[in-house]
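Peer 1: Test case, fold it:
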Amino acid sequence: MPILALRARDLGADVSTAAAVVALLGLGMLVASLPAGALVARIGERRALVLAGVADAVAMSVGALAGSVVVLAAAVVLSGMTWTTFLMSRQGYMIDVVPFSHRARALSTLGGSHRVGVFVGPLVGAGLIVVLGLSAVFWFAALAALGAAALARTMPDLGAERRRSRRDTGQHLGVWEVLAQHRRVLLTLGTVVVVISASRSVRNGLLPLWADHVGISPSATSLVFALSGAIDMVFFYPGGWLMDRVGRTVVAVPVVATVAVATLLLPLATTTVAVAAAFVLIAVGNGLGSGIVMVLGADAAPTEGRAQFLGGWRLCGDVGLSGGPLVVSAVAAVAPLATACVVIGLLGVAGTAWTGFWVGREDRRRRLDVGTGARDRRTR
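Peer 2: You can find the predicted model right below:
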């Protein structure tokens, strides 16, 4: 991920164009979210995971061979489409196999497994860049995607009987029908997901460009990403434990707040150590919030039409993922990069307040529901 902007720069893109190439990853996710929900509902989570892995391997191979920014951009869009399918499928699969009491810890651990990859990937990438150049990172990513597809192929297909029954009885729900039924949740908590996802996209777009701006080498940038990945891994399980025991707000707010603070301070960071400190601050909040989007989605998802609902949920996240880098690109095109940092930071402050309000409201409702259920059981 940290190499996308640098690969675009290597192919001749200016700073704003490189940021736009990074934004295309979110755009690919955005356009595929609802179709992916319909696809998962039809073929199931396991087959969707396998298909996404193979397609992403193709996208990464094209990225390695790209001789122009346009070809690289096309590969990035395809990769984004496969990624949203993968994210949605793994979330739905975990909802089936994990009890509610351990949901946050399980999904945080799932998010933590991604963070292991974020830690290992840049370490391998730094070595590959030094020896073989930027293109080698894409070949490594292609092999990893094929490995993911092969692993997913070994999983049991838990929803096969349910899907077959729905097809036989004609009870399959349409995507728009499900979204209309749950529009209030998507317009409130879904907006929180937009904010969280936009905040997270900053690390993959703005921070590498700032590192390049202050003269930090690509290999050093990759190593800094590895450091932040290590921090992510330290905090993912405590974050899940806190969500299960205390509530979702305690980790949702730091995800956005740490990005706001770090980006407001980033214009003051002119050395490798200072930039690394900004990465680490964001990593602390991001690590605590490992799996938060999946947990909120799992809490809100209905039993019937779950995959279609999660498609809408992913759309909310993808709006944030694509919108964050697009804001960076737009501001960088007309103003210094430091201005983009300040703009993102101020938006993050507002987003922190919005997140705290809506997630806190859901936590209070959930505690009330649990308390009411306990009283009912005692009465019986």
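Peer 1: what's V327 in contact with, if anything?
Peer 2: A198, A340, V343, I344, L347 (C-beta atoms under 8 Å, 6 or more residues apart in numbering). C-beta: built from backbone N, CA, C; applies to glycine.
Peer 1: That one sits in which helix or strand?
Peer 2: helix 306-334 (DSSP states H and E).
Peer 1: what helices or strands is the very next helix or strand once past that helix leaning on?
Peer 2: Using DSSP H and E, the helix or strand that follows helix 306-334 towards the C-terminus is helix 337-379. On a contact count with 3 or more C-beta pairs under 8 Å, 6 or more residues apart in numbering; DSSP states H and E, helix 337-379 meets helix 183-213, helix 249-265, helix 292-300, helix 306-334.
Peer 1: hmm, back to that, closest one of the contacts of V327 to L186?
Peer 2: Nearest to L186, judged by C-beta to C-beta, of the contacts of V327 is A198 at 16.3 Å.
Peer 1: isn't the closest one right up against V328?
Peer 2: No - proximity of A198 to V328 does not meet the contact threshold set by C-beta atoms under 8 Å, at 10.2 Å.
Peer 1: So between those two, which is more surrounded?
Peer 2: More neighbours surround V328 than the other of A198 and V328, with 29 against 26 (other C-beta atoms under 10 Å).
Peer 1: Report the separation between that one and D232.
Peer 2: 21 Å (C-beta to C-beta, to the nearest Å).
Peer 1: With L78 instead?
Peer 2: For L78, the distance to D232 - C-beta to C-beta - is 26 Å.
Peer 1: Neighbour count: the two, which is higher?
Peer 2: D232 (26 against 21).
Peer 1: Contacts only, for L173.
Peer 2: Contacts of L173 (C-beta under 8 Å, 6+ apart): A41, E304, G305, Q308.
Peer 1: Look at the second one and report its pLDDT.
Peer 2: Going back to what we said before, that points to E304. Per-residue pLDDT puts E304 at 79.
Peer 1: One more: the last one?
Peer 2: At Q308 the predicted local distance difference test score is 86.
Peer 1: The residue nearest to it when sequence neighbours are not counted: what's it in contact with?
Peer 2: Distances taken as C-beta to C-beta, 6 or more residues apart in numbering place V178 nearest to Q308, at 4.0 Å, with adjacent residues excluded. Applying C-beta under 8 Å, 6+ apart, we find V178 in contact with P302, G305, Q308, F309, G312.
Peer 1: Nearest to G121 among the residues you listed?
Peer 2: G312 (29.4 Å).
Peer 1: Near that closest one, how many other residues are there?
Peer 2: Neighbours around G312, by other C-beta under 10 Å: 24.
Peer 1: Nearest spatial neighbour of it, chain-adjacent residues omitted?
Peer 2: L179 (4.6 Å).
Peer 1: Please apply the same query to L206.
Peer 2: V328 (5.0 Å).
Peer 1: Please look at S329 and A20 and confirm they touch.
Peer 2: Yes - in this structure, S329 is within contact of A20 by C-beta under 8 Å, at 4.5 Å.
Peer 1: Just name the shakiest helix or strand of the chain by mean pLDDT.
Peer 2: helix 160-169 (a mean of 64; mean pLDDT, DSSP states H and E).
Peer 1: And the next helix or strand past it?
Peer 2: helix 175-181.
Peer 1: I'd like the mean pLDDT over that next one, please.
Peer 2: Helix 175-181 comes out at a mean pLDDT of 85.
Peer 1: For that helix, buried residues please.
Peer 2: V175, V178, L179 (16 or more other C-beta atoms under 10 Å).
Peer 1: for stretch 28-39, same thing?
Peer 2: Buried residues in stretch 28-39 (16+ other C-beta under 10 Å): G28, M29, L30, V31, A32, S33, L34, A36, G37, A38, L39.
Peer 1: Then stretch 327-345?
Peer 2: 327-332, 337, 340-345.
Peer 1: Pull up the gap between A32 and V77, please.
Peer 2: Taking C-beta to C-beta, one finds A32 at 9 Å from V77.
Peer 1: G345 now?
Peer 2: Taken as C-beta to C-beta, the span from G345 to V77 is 28 Å.
Peer 1: Kindly report the same for Y237.
Peer 2: For Y237 relative to V77 (C-beta to C-beta), the value is 34 Å.
Peer 1: still on that earlier bit, residue contacts, the residue nearest to L206?
Peer 2: So V328 contacts A19, A23, V202, G205, L206, L209, A340, I344 (C-beta under 8 Å, 6+ apart).
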